[in-house]
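*Asks:* sharing a model that was predicted from the sequence below.
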Amino acid sequence: MLTFKKHISEILEHAIHKQFGADSLTAKDICSMLEYPPDSAMGDLALPCFKLSKILKIAPPKIATSLCDALSGYETLCSALVQGGYLNICIAPVYLIESILTKIESDREKYGSSSQGSGKTVVLDYASPNIAKPFHIGHLGTTVIGHSLKLLHEFAGYHCVGINHLGDWGTQFGKLIVAYRKWGSREKIEAGGIDALVELYVKFHAEAEKDDNLNQAARDEFKKLEENDADNIALWKWFIDISNREYDVTFAQLGITFDSYAGESFYTDKMPEQVKKMREKNLLVIDDGASIVDLSAYNMPPCLILKRDGGTLYPTRDIAAAVYRKRTYDFDKCIYITSAGQSLHFAQWFKVVELMGYDWFEQLVHVPYGTVSIGGEKLATRTGNVVLLKKLFAQAIEKVRARIEEKNPGLTDKDAVAEAVGVGAVVFHYLYNSRIKDINFVMEDALSFEGNTGPYAQYTYARTCSVLEKAGEIPKAEAKITASEEGEVLKILSRFPEKVQTALAEYEPSVITRYAIELCTAFNRFYHNCPILTAEDAAVRATRLRITKACGIVIKSALRLICLRTPEKI
Ligand code: ARG
């Protein structure tokens with residue numbers, strides 16, 4: 001569609017110069033005036049001539065008529081029609097075949113990719129769970145939005161570095177150490193994993209409500225940890241190990257690996273240099289014993305850098321990490337994907353980086369997302385009201401497994417397919433909404449094979465595979481389009497590259513999720529209304545098979561970009 005738009009703009013530019021003498025209007029200007037009509041019956045592109053009318057001082061219908069004439073010589077490209085002040089343009093079927101189908105056939109899984117990012121590096125900080133805290137449904141957003149953004153950037157030619165910035169440092173470890181020594185046991189934790197650690201954490205908070213001494217004890221233990229106390233270090237390492245064992249299972253189910261697992265603790269020895277720099281720049285103010293950067297001039301609360309006891313804080317570690325990443329990766333962009341609840345935190349420390357004089361502060365990007373609730377209930381670790389991702393995935397996988405057992409008992413690889421479809425259903429359902437929206441997760445909706453779901457999209461992909469398998473090699477024949485459903489599918493296929501661009505520009509994987517549904521719906525309409533394998537005319541049959549194949553390629557690409565696998569049989 002992008003190339004189509006470009007072609008049309010160039011022809012119109014030429015016509016406007018010739019007929020109206022408006023030489024300063026460029027094809028780019030015209031391209032930006034082209035719109036997609038809300039109803040495809042009105043055409044595939046429309047040029048509202050009102051803006052032009054102001055520039056040219058000619059009535060819109062007159063401009064539209066004259067431009068319509070100009071397009072009349074290009075019937076292999078388009079047909080055009082005037083409607084009031086609008087010029088409506090339809091893509092010619094031959095063009096769709098020549099430029100879209102053949103392009104997908106030659107580019108295959110690269111169709112839609114670009115080299116816009118070549119030579120540029122993007123660092124993405126995502127997933128980043130807090131050690132010893134459960135990996136719950138609230139982390140689904142950072143993990144899958146983050147990974148999808150990484151895949152999208154790679155697709156656009158960027159070199160990407162995915163970092164799992166583990167929350168492996170902070171006072172919570174003081175709390176855990178105290179709780180473990182008071183109420184825990186090695187056996188229980190080895191057996192219970194993160195659940196057992198969370199239990200300790202929850203107990204700590206309940207007890208600390210009654211006895212404030214516990215909070216001081218926790219601060220003391222964390223301080224000892226910061227000072228490299230051997231016993232505390234050993235416990236801390238063990239907590240990390242227990243936690244990672246579980247996270248890895250979830251990441252493997254999602255097919256995600258990271259390029260770096262450097263967590264917050266990695267920056268311990270890198271913070272003093274930055275704190276020194278803040279001092280030199282006169283940014284630090286002492287407030288009630290703590291060191292802060294006053295941000296009142298920017299309408300923000302102060303950014304906390306050092307606690308009263310000299311201990312460091314979350315922003316301090318983020319600042320040190322950003323400097324380290326700039327030096328190590330020389331990024332063009334460093335993207336942080338977290339819940340919108342952390343927006344202020346990022347705005348604050350981004351500002352501090354700017355005030356410190358780092359000229360790359362504008363390359364720091366925060367991508368926030370909304371909250372998830374289940375059955376309308378908000379989730380919080382402290383109260384123990386959490387829905388673990390591993391449980392949610394397990395539930396989805398089990399349901400899909402039962403369905404396969406019922407509908408397709410002969411399927412080989414049942415476990416792998418159930419995992420791909422079950423986990424995919426959860427991810428797809430989540431990524432269907434624009435990221436900033438708060439969503440309420442409903443498992444039945446996610447798993448439906450009929451709605452706008454992952455299983456529906458994966459099933460459609462499997463359908464394309466099944467048709468192609470039955471067809472064998474696609475016979476060579478002249479291309480022939482006879483039904484409107486075919487043209488519809490091709491037009492949607494033509495929009496994929498643009499959708500990738502939009503998803504990237506807006507940091508919005510949902511653009512791809514929705515596109516996948518649009519394409520699958522169009523394909524299924526085509527599949528139901530147009531006989532493919534049984535088409536009588538050899539040219540029609542071959543063209544339909546080519547369309548089926550192209551759909552399969554693009555559905556697979558789109559689903560891959562939002563972290564879904566595409567089994568060939570379900
Ligand atoms: N560990 C944090 C959390 O779970 C998220 C970390 C995000 N990344 C960062 N560089 N601050 O809330």
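*Replies:* The structure has been received and is ready for your questions.

*Asks:* from here on, just use CA atoms for contacts and neighbour counts.
*Replies:* OK.

*Asks:* hmm, the helix or strand hosting residue 347 touching the ligand?
*Replies:* Using DSSP states H and E, residue 347 maps to helix 343-355. No. Using C-alpha under 6 Å from any ligand atom, helix 343-355 never reaches the ligand; the gap is at least 7.8 Å.

*Asks:* could you give me the average pLDDT of that helix?
*Replies:* On average, the pLDDT along helix 343-355 is 98.

*Asks:* then that helix to CSV, C-alphas only?
*Replies:* Extracted in CSV, the C-alpha atoms of helix 343-355 (Å, rounded to 0.1, in the frame of the first residue of the first chain):
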residue,chain,number,x,y,z
SER,A,343,5.8,6.9,34.9
LEU,A,344,6.8,9.5,37.5
HIS,A,345,9.9,7.5,38.5
PHE,A,346,11.1,7.5,34.9
ALA,A,347,10.2,11.2,34.3
GLN,A,348,12.2,12.1,37.5
TRP,A,349,15.4,10.3,36.8
PHE,A,350,15.4,11.1,33.1
LYS,A,351,15.3,14.7,34.2
VAL,A,352,18.2,14.1,36.6
VAL,A,353,20.2,12.5,33.8
GLU,A,354,19.6,15.7,31.7
LEU,A,355,20.6,17.9,34.6
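
*Asks:* pairing partners for the following helix or strand past it, with directions?
*Replies:* Per DSSP H and E, the first helix or strand lying C-terminal to helix 343-355 is strand 364-369. The sheet places strand 364-369 alongside strand 333-339 (parallel), with pairing taken from DSSP bridges.

*Asks:* contacting residues around whichever residue of the stretch 451-570 of the chain sits closest to the ligand?
*Replies:* The minimum distance from the stretch 451-570 of the chain to the ligand, using C-alpha to the nearest ligand atom, falls at residue 507 (16.5 Å). By C-alpha atoms under 8 Å, 6 or more residues apart in numbering, residue 507 lies in contact with 149, 367.

*Asks:* what of residue 305?
*Replies:* Residues in contact with residue 305 (C-alpha under 8 Å, 6+ apart) are 275, 290-293, 312-313, 315-316.

*Asks:* hmm, back to that, give the buried residues for the helix holding residue 347.
*Replies:* 345-353, 355 (16 or more other C-alpha atoms under 10 Å).

*Asks:* go on, stretch 531-546?
*Replies:* The neighbour-count check on stretch 531-546 (16+ other C-alpha under 10 Å) flags 532-533, 538-546 as buried.

*Asks:* what's the first-to-last distance across it?
*Replies:* 13 Å (C-alpha to C-alpha, to the nearest Å).

*Asks:* got the contact list for it?
*Replies:* 101, 467-468, 471, 474-482, 486.

*Asks:* just for the protein, where's the confidence low?
*Replies:* Within the chain, the segments meeting pLDDT under 70 span 1-2, 375-386.

*Asks:* okay, now the residue of the stretch 301-450 of the chain found nearest the ligand: neighbour count?
*Replies:* Residue nearest to the ligand within the stretch 301-450 of the chain: residue 318 (5.4 Å; C-alpha to the nearest ligand atom). Close neighbours of residue 318, defined as other C-alpha atoms under 10 Å, add up to 20.

*Asks:* now do the buried residues in the helix or strand containing it.
*Replies:* Per DSSP H and E: residue 318 is located in helix 314-329. Residues of helix 314-329 classed as buried by neighbour count (16+ other C-alpha under 10 Å): 314-323, 326.

*Asks:* next one: phi and psi at residue 433?
*Replies:* phi -90, psi 150 (degrees, to the nearest 10).

*Asks:* the closest residue to the ligand within the stretch 151-300 of the chain bridge partners, please.
*Replies:* Closest residue of the stretch 151-300 of the chain to the ligand, C-alpha to the nearest ligand atom: residue 167 (4.3 Å). Assessed by DSSP bridges, residue 167 has beta-bridge partners residue 130.

*Asks:* now do the contacts for it.
*Replies:* 128-131, 263-265.

*Asks:* now swap in residue 355 and tell me
*Replies:* By C-alpha under 8 Å, 6+ apart, the residues touching residue 355 are residue 283.

*Asks:* specify the local secondary structure of residue 543.
*Replies:* helix (DSSP: H, G, I helix; E, B strand; the rest coil).

*Asks:* before we move on, the earlier item: just the buried ones from the contacts of stretch 531-546?
*Replies:* Here, 16+ other C-alpha under 10 Å leaves 101, 467-468, 471, 479-481, 486 buried among these.
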